[in-house]
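Enquirer: I'd like to go over a predicted model; first the sequence, then the structure.
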Amino acid sequence: MPRLNQFTFFIQSFNYISNGMSIPSTEDIQKTFIDFPNNNIISYVDFFPNFERSQCHIYSYPFLMRYYTGISNSFPGGLFEHVRAVSLYDERPFEHEFFLRIQKSFPFMKELSLVNRTAQNRKQSNQSNSHNQNSSLIKYTSLCKLSIVGVHDDYVEEFLLDAKTYFQNNLILLVNYECLERVTHDFSRDATRTNCGKISLFNGLFTLITFKSKILREVGCDYFLRIFIHMDQWLNAYVACERAITVVKGARFSKKKSKKVTKFIIILLLIFNIFIFIHEPLYRQLIDETDEDKNEKRIWCVVSYSSNLQIYNSVINTFQFFTPLIINFISAFILIAQKPRRQSITQRKRNFKDILKENYREHKHLFIAPAILVILALPRLIISFISKCIQSSDDSWLFPTAYFISLIPSNAYFYCICITIEIL
């Protein structure tokens, strides 16, 4: 490539080191780029003994990429104005001065993730923190998302102590709840109050719901989502049944008795849905996985069924999907057919078919609504049959997308009934 004048790149490589293997030095790597005199090339090498793995960063400077991953204590510094996402990893501790260097090198950083389970060596006391606040306070002016899940408590404290860190913007915080609880002293520690107030309320609530209880983590949100989604469908079917019974009984319909039956049905449906899916949390397990390429730790939720249980699960999903739909259609048919029959008796001059057509035009939404519910629920049913295991993180959007689509009817009911209702 004789006409190549400028070569911009970022290379991050990993090598597993077995006994006797030598690790190339920074000087060795620099020698391979002697044919690029017009480029300022920076490189550095790390070795992680716990994983018996080496990591090498090689990049051209000025750095034009929008991300910089796998930064360790060997990071040589510099100014990276284009970078918006940064990840840190090391088996050696990150001290406060290191984070100060990171903030100065990446002034426009919006996302920061950290993995380090080694405690800090030079932890400053609260008194010294207060004394040196003006000189050592790290100010993150652009940070919007912070992930400190696979870390020692010292790093949660590093970011939450008001004397060490200042966040200009509200941010999304991903953190283990037990760790957060320890560092903030059950959210009563004055030294962390300001930075905790910068955490997004939604993610704070989600953290409380998801990570508060170990048992809840094992059960998973999927189990509760499934129960409430099916409860919504069954309650809609029950309302349709009661509507049909009202038309059939007419004046003999007892409203008082209907209320008692409704309370019993709600409790019965809740118990029914809890026990019919009880096999899910029993066969669910959490598996820790370390992504060596991105230096991140993930927790995967794995559900494994036997062949018989898989058949049972498929039958239950099909039953839960079609039964409320059939009930809705039958009740709609009874409502539309019963009313014309009575009207044809009182209005003998009118034809039964004409009255039936008129009632269908008036109540056709009772057929259209269940059909729309079926269309919106189809993605969830299809995924329950075809999805055995997520092979890649790129496919992880399938499950939440299916559930969010299935939740559209419930959200629509909330808007139509609760938001638009006239306040008396």
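Expert: Thanks, I have the structure now. Numbers count the residues shown, from 1 in each chain.
Enquirer: the helices in the stretch 101-250 of the chain, which residues?
Expert: 126-131, 133-136, 153-160, 177-183, 193-196, 201-211, 214-219, 221-249 (DSSP state H, counting those that start in this stretch).
Enquirer: the fifth one packs against which elements?
Expert: Right, the one you point to is helix 193-196. Packing partners of helix 193-196 (3 or more Cβ pairs under 8 Å, 6 or more residues apart in numbering; DSSP states H and E): helix 153-160, strand 165-167. Every residue, glycine included, has its C-beta placed from N, CA and C.
Enquirer: which neighbouring elements make contact with the longest one?
Expert: Meaning helix 153-160. Using 3+ Cβ pairs under 8 Å, 6+ apart, helix 153-160 sits against strand 145-148, helix 177-183, helix 193-196.
Enquirer: dump those to a markdown table, plus mean neighbour count and distance to Asp46.
Expert: Listed next are the helices and strands packed on helix 153-160 as a markdown table, based on neighbours: other Cβ atoms under 10 Å; distance: least, Cβ to Cβ, whole Å:
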| stretch | mean neighbour count | distance to Asp46 |
| --- | --- | --- |
| strand 145-148 | 19 | 20 |
| helix 177-183 | 17 | 25 |
| helix 193-196 | 16 | 30 |
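Enquirer: any chance of JSON lines for the ones you listed, columns mean pLDDT and distance to Asn273?
Expert: Output for these, formatted as JSON lines (pLDDT from 0 to 100; distance: least, Cβ to Cβ, whole Å):
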{"stretch": "strand 145-148", "mean pLDDT": "90", "distance to Asn273": "35"}
{"stretch": "helix 177-183", "mean pLDDT": "84", "distance to Asn273": "27"}
{"stretch": "helix 193-196", "mean pLDDT": "83", "distance to Asn273": "37"}
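Enquirer: can I get those in CSV with distance to Ala85?
Expert: Conversion of the helices and strands packed on helix 153-160 to CSV gives the following (distance: least, Cβ to Cβ, whole Å):
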stretch, distance to Ala85
strand 145-148, 9
helix 177-183, 23
helix 193-196, 21
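Enquirer: nearest to Gln30, of the ones you listed?
Expert: Checking the helices and strands packed on helix 153-160 against Gln30 by Cβ to Cβ gives strand 145-148 as the closest, at 32.7 Å.
Enquirer: run through who's touching the closest one.
Expert: The contact list for strand 145-148 (Cβ atoms under 8 Å, 6 or more residues apart in numbering) reads 110-114, 155-156, 159, 171-175.
Enquirer: restricted to buried residues, select those in PyMOL.
Expert: Burial among the contacts of strand 145-148 is assessed by 16 or more other Cβ atoms under 10 Å; the matching PyMOL selection reads:
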select buried, resi 110+111+112+113+114+155+156+159+171+172+173+175
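Enquirer: that older thread, any idea which of the helices of the stretch 101-250 of the chain scores lowest on pLDDT?
Expert: Of all those, mean pLDDT reaches its minimum on helix 201-211 (a mean of 43).
Enquirer: what does stretch 238-255 contact?
Expert: The contact list for stretch 238-255 (Cβ under 8 Å, 6+ apart) reads 258, 262, 265, 269, 327-328, 330-332, 334-335, 338-339, 342, 366.
Enquirer: which of those residues are buried?
Expert: By 16+ other Cβ under 10 Å, the contacts of stretch 238-255 give Ile265, Leu269, Ile327, Asn328, Ser331, Ala332, Ile334, Leu335, Lys339, Leu366 as buried.
Enquirer: show me the longest helix that occurs in the protein.
Expert: As assigned by DSSP state H, the longest helix anywhere in the chain is helix 307-346.
Enquirer: before we move on, back to that, okay, the helices and strands packed on helix 193-196 in a markdown table with distance to Arg361 next?
Expert: Below are these laid out as a markdown table (distance: least, Cβ to Cβ, whole Å):
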| stretch | distance to Arg361 |
| --- | --- |
| helix 153-160 | 63 |
| strand 165-167 | 59 |
